[in-house]
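Peer 1: got a sequence here, can you build the structure:
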Amino acid sequence: MTNIAARLEPKAENDSVDSAFAPFEAKIDTLTAKLNAANDNVKAVTARADALELRLNRPGIAANDNVAPSLDTKAFELFVRKGKEALNVDEVKSLRVSDDSTGGYINSPDDFVETLDRNVKLFSPIRQVASVRPTGSGAVVWPKRTGGMTASWVGEGPSARPETTVTFGSSRYPVCELAAWVDVSNAMLDDSALPILDLLAYEFGEEFGYQEGKAFVSGASVLSPSGFMQDANVFYTPGTDANLIKGDGLIDLYHAVKTPYRQNAVWLMNSTTLGAIRKLKDTNGNYMVAMAGLNNTPVSTLLGRPIIETPDMPDVTANAYPVAFGDFSQGYRIFDRVSLSILRDPYSQATNGMTRFHGRRRVAGGVGKAEAIRKLKIATS
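Peer 2: A predicted model of the protein is given here:
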């Protein structure tokens, strides 16, 4: 008989197999330890990055992109803080400075203008949708077509070809000037940690944007650009009710604009009007205004086209025009002559410890293609 004890003893080949796998198990343990250490490093780096991002997102802190400011930007900041007398020859040359006989204004550098224009758009929403171009003249003369084509079908044989009768006229957009001033304490100018250029860009951007917005909509004064709401060639559609805004009137306005312009059209209205329209429902009980957006930024749409809140549009009252619809990239033109020129005045407010900065901005604006824009009138006819 076979010895039972001998049968229960582990076989030698099992021992040899275990011993063969032992080095691999050791390597696996080593790799696992390294992977865990790498994960810990990733977590630590992520935590540091999150903390850095949190600090950079605090108010008044700007992200450092490690790009040194240009010579004209550095010279402009030095001019703002210390005056033109503090500039050396190269710094003066980098800035476009008018002579004292024309007021001693300094034209702002490109970096500053970009920041200013972003702030202007916050308060002048027409700039977001209109055609915006630079100009170097005191008035812009822009061609416009006043007569249509007369093409017709003809046969293969000899036959008279029709003459095209396209005729062109022109629109004139005079350049207008905006002016404002900002007082800054001398203590703030001495504080190098204070982002003084950002402060000036926001202050001038807010004021100029607010005034531009009013002018582009309804014309602020005889000295301002003309607005599309005051242009007699921009027609209206009745809103089907003498006092209230109605969904049928909005649908009529939508289809009153020619199809090619509807592809890029937007709605303009103020916040009060938008609030009234958001309460309108279709026959199925669905709201007419849809809310959608990217990156948690809501975008309101009406009949599939975006709504741009425009504070200077009128409220809903009898015979008012509270809504405009159309392709403003075709319908309204803006021409920038001077984004911002600044005159530094350290004297007039010296007894108050302040320096006054006079800003001026030159811009033209007016209707391009009137047929691309249409208004809604609160009326039955």
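Peer 1: tell me the phi and psi of Asp248?
Peer 2: phi -60, psi -40 (degrees, to the nearest 10).
Peer 1: ok, it - contacts?
Peer 2: Thr240 (Cβ atoms under 8 Å, 6 or more residues apart in numbering). For every residue, glycine as well, the C-beta is placed using N, CA and C.
Peer 1: do Arg118 as well
Peer 2: So Arg118 contacts Gly205 (Cβ under 8 Å, 6+ apart).
Peer 1: so it, which of the three states?
Peer 2: Put simply, Arg118 is helix when judged by DSSP: H, G, I helix; E, B strand; the rest coil.
Peer 1: quick check: it vs Ala372, distance?
Peer 2: Distance check for Arg118 against Ala372: by Cβ to Cβ, to the nearest Å, it reads 26 Å.
Peer 1: got it, and Gly366?
Peer 2: 13 Å.
Peer 1: neighbour count: these two, which is higher?
Peer 2: Between Gly366 and Ala372, counting by other Cβ atoms under 10 Å, Ala372 is the more crowded of the two (24 against 21).
Peer 1: what values do phi and psi take at the more buried one?
Peer 2: phi -80, psi -10.
Peer 1: neighbours around the closest residue in space to it that isn't next to it in sequence, how many?
Peer 2: Nearest non-adjacent residue to Ala372, counting by Cβ to Cβ, 6 or more residues apart in numbering: Gly331, 3.6 Å away. Here the number of neighbours of Gly331 (other Cβ under 10 Å) works out to 25.
Peer 1: I figured Gly331 hits Gly366, correct?
Peer 2: No: Gly331 lies out of contact with Gly366 (Cβ atoms under 8 Å); the separation is 10.3 Å.
Peer 1: which residues in the protein form helices?
Peer 2: Assigned by DSSP state H, the chain shows helices spanning 4-8, 12-56, 71-82, 89-94, 110-123, 126-129, 186-190, 196-218, 247-256, 259-262, 271-277, 328-331.
Peer 1: what angle separates the third one from helix 196-218?
Peer 2: Put simply, helix 71-82 runs at 100 degrees to helix 196-218, going by axes from the mean of the first three to the mean of the last three Cα atoms, to 10 degrees.
Peer 1: cool, the fifth one as well?
Peer 2: Relative orientation of helix 110-123 and helix 196-218, computed by the same axes, to 10 degrees: 40 degrees.
Peer 1: which parts of helix 110-123 are buried?
Peer 2: Within helix 110-123, the residues that qualify as buried are Phe112, Val113, Thr115, Leu116, Asp117, Asn119, Val120, Lys121, Phe123, counting by 16 or more other Cβ atoms under 10 Å.
Peer 1: state the mean pLDDT of it.
Peer 2: Helix 110-123 comes out with an average pLDDT of 74.
Peer 1: pull the number of nearby residues for Ala215.
Peer 2: Here the number of neighbours of Ala215 (other Cβ under 10 Å) works out to 22.
Peer 1: spit out the contact partners of it.
Peer 2: Applying Cβ under 8 Å, 6+ apart, the residues contacting Ala215 are Cys176, Ser221, Ser224, Pro225, Ser226, Gly227, Gly365.
Peer 1: look at it and report its pLDDT.
Peer 2: Reported pLDDT for Ala215: 94.
Peer 1: one more: Asp183?
Peer 2: If you check Asp183, the pLDDT there is 89.
Peer 1: gap between it and Leu200?
Peer 2: For Asp183, the distance to Leu200 - Cβ to Cβ - is 11 Å.
Peer 1: which stretches in the stretch 201-350 of the chain count as strands?
Peer 2: Ranges of strands in the stretch 201-350 of the chain, per DSSP state E, counting those that start in this stretch, are 236-238, 266-269, 289-294, 297-302, 305-309, 323-326, 332-345.
Peer 1: most tightly packed of those?
Peer 2: Highest mean neighbour count among the strands of the stretch 201-350 of the chain (mean count of other Cβ atoms under 10 Å): strand 323-326, with a mean of 28.
Peer 1: chain neighbours aside, what residue packs nearest to Leu244?
Peer 2: The nearest residue in space to Leu244 (Cβ to Cβ, 6+ apart) is Val316, at 7.0 Å.
Peer 1: quick one, what contacts the one you found?
Peer 2: Contacts of Val316 (Cβ under 8 Å, 6+ apart): Leu244, Ile245, Thr272, Thr273, Ala276, Pro322, Ile378.
Peer 1: surely the fifth one meets Ile245?
Peer 2: Yes: here Ala276 reaches Ile245: they are 5.5 Å apart, a contact under Cβ under 8 Å.
Peer 1: of these two, which one has the most company?
Peer 2: Ile245 (21 against 14).
Peer 1: do you know how far the closest residue to that one other than its chain neighbours is from Gly219?
Peer 2: Leaving out its chain neighbours, the residue that sits closest to Ile245 by Cβ to Cβ, 6+ apart is Val316, at 5.1 Å. For Val316, the distance to Gly219 equals 21 Å [Cβ to Cβ].
Peer 1: buried subset of the contacts of Val316, written for PyMOL?
Peer 2: To isolate the buried members of the contacts of Val316 in PyMOL, using 16+ other Cβ under 10 Å:
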select buried, resi 245+273+322+378
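Peer 1: Serialize the contacts of Val316 to JSON lines and add fields for pLDDT.
Peer 2: Output for the contacts of Val316, formatted as JSON lines (pLDDT from 0 to 100):
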{"residue": "Leu244", "pLDDT": "95"}
{"residue": "Ile245", "pLDDT": "96"}
{"residue": "Thr272", "pLDDT": "95"}
{"residue": "Thr273", "pLDDT": "96"}
{"residue": "Ala276", "pLDDT": "95"}
{"residue": "Pro322", "pLDDT": "97"}
{"residue": "Ile378", "pLDDT": "97"}
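Peer 1: done for today, thanks.
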